[in-house]
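>>> I'll drop the sequence and a predicted model, then ask my questions.
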Amino acid sequence: GARLLRHIWRGRAAGPASPVSVILPVRGEDRREAAAFVVETLRRMAGAESEVLLCEHDVAPRYARDWPRGVRHLFVPAAADEAFNKSKAMNAGARAARNPILVLLDADAVPSPDFLARSVECLDRGWEAARPVRFLFLLNEAASREFLRRGSVEDVGAVAFVHQNNPGLATVIRRETYFEIGGHDERFAGWGGEDVEFLDRLRTRKLYPGSFLPAIHLWHPPAPQKQSGHRNNELLRRILAEPAESRVVRARRQLAEGAAP
């Protein structure tokens with residue numbers, strides 16, 4: 001796994017041809033170091049005309065600080081007993097975004113140096129969205145700490161697991177398309193399901209047919225819902241029983257009721 005990572009992590013470092021708004025959903029102090037590393041990686045990669053939105057869904061703003069130029073912290077309030085809702089964070093970020101291209105990325109994922117340039121290139125060729133990550137390299141705790149310290153794949157000695165064609169993690173999409181399909185379904189709370197359902201609606205549009213880039217998943221303690229094995233599977237099954245076109249209408253209404261884009 002480490003040899004494969006070093007072999008394919010050789011893309012040319014370049015910014016996107018068009019300005020983008022990167023949306024990173026976050027919650028929890030235990031992921032702060034990883035999120036800060038991803039923010040800085042994307043900030044440098046995206047360029048001066050782009051922005052990185054750190055969208056925090058929590059009961060209190062734990063990520064509010066003096067972030068570098070080009071980074072905005074967006075606090076999305078949660079009720080006292082409300083679980084993390086990635087969909088709410090994503091939708092709030094999309095509403096606040098200033099650029100016509102959205103980059104939806106998990107805050108524990110480090111993309112390859114050419115991630116933005118090659119992803120935006122797909123949209124410039126007429127596609128409405130792309131899901132670029134083909135290989136996801138999961139690092140264990142020790143390897144993650146070493147990568148965060150050195151910032152180089154050349155020092156990664158072992159990879160815990162290589163995941164192929166993950167249904168979530170990273171999507172690059174035109175902002176208008178995001179709103180036209182209704183954004184993320186906010187019925188999903190906790191861990192899992194929202195990315196699969198979103199992808200099902202996204203396939204009704206001009207989605208680039210294939211994934212082609214690597215990314216690194218940084219270690220963090222597992223979410224309680226994931227640890228228990230409860231991953232919204234039953235909710236996802238019920239929701240997917242409804243045709244995608246009907247869910248698009250419902251999701252558009254949900255998004256419009258939240259706030260105007």
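Ah, there it is.
>>> Check the secondary structure at residue 56 for me.
Counting by DSSP: H, G, I helix; E, B strand; the rest coil, the backbone at residue 56 sits in strand.
>>> number of nearby residues for residue 12?
As a burial measure, residue 12 scores 9 neighbours (other CB atoms under 10 Å). Just so you know, the C-beta spots here come from the backbone N, C-alpha and C atoms, and that holds for glycine as well.
>>> ok, the residue lying closest to it once chain neighbours are set aside to residue 14 distance?
The shortest distance from residue 12 to any residue other than its chain neighbours is 5.4 Å, reached at residue 114 (CB to CB, 6 or more residues apart in numbering). To residue 14, residue 114 is 6 Å away according to CB to CB, to the nearest Å.
>>> These two: which has the busier surroundings?
Remark: of residue 114 and residue 14, residue 114 carries more neighbours, 19 against 15, as counted by other CB under 10 Å.
>>> Can you give me every residue that contacts that one?
By CB atoms under 8 Å, 6 or more residues apart in numbering, the contact list for residue 114 reads 11, 12, 13, 14, 213.
>>> Could you tell me which of these are located in helices?
Among the contacts of residue 114, DSSP state H puts none in helices.
>>> So which of these are in strands?
Among these, DSSP state E puts residue 213 in strands.
>>> Just the closest of the contacts of residue 114 to residue 160, please.
Residue 160 has its nearest neighbour among those in residue 213, at 19.7 Å by CB to CB.
>>> Report pLDDT for that closest one.
Per-residue confidence (pLDDT) for residue 213: 94.
>>> Repeat that for residue 220.
On the pLDDT scale, residue 220 is placed at 84.
>>> Count the neighbours of it for me.
The burial count assigned to residue 220 is 17, neighbours taken as other CB under 10 Å.
>>> Chain neighbours aside, what residue packs nearest to it?
Nearest residue to residue 220, sequence neighbours excluded (CB to CB, 6+ apart): residue 31, at 4.9 Å.
>>> Helices along the stretch 51-200 of the chain, start to end?
Counting by DSSP state H, counting those that start in this stretch, the stretch 51-200 of the chain has helices at residues 86-96, 115-124, 141-150, 175-180, 194-202.
>>> Let me see the residues that make contact with the first one.
Looking back up the chat, that one is helix 86-96. With CB under 8 Å, 6+ apart as the criterion, helix 86-96 contacts 21, 23-27, 53, 55-57, 72, 74, 76, 78, 102, 104, 175, 178-179, 183-188, 194, 255, 258-261.
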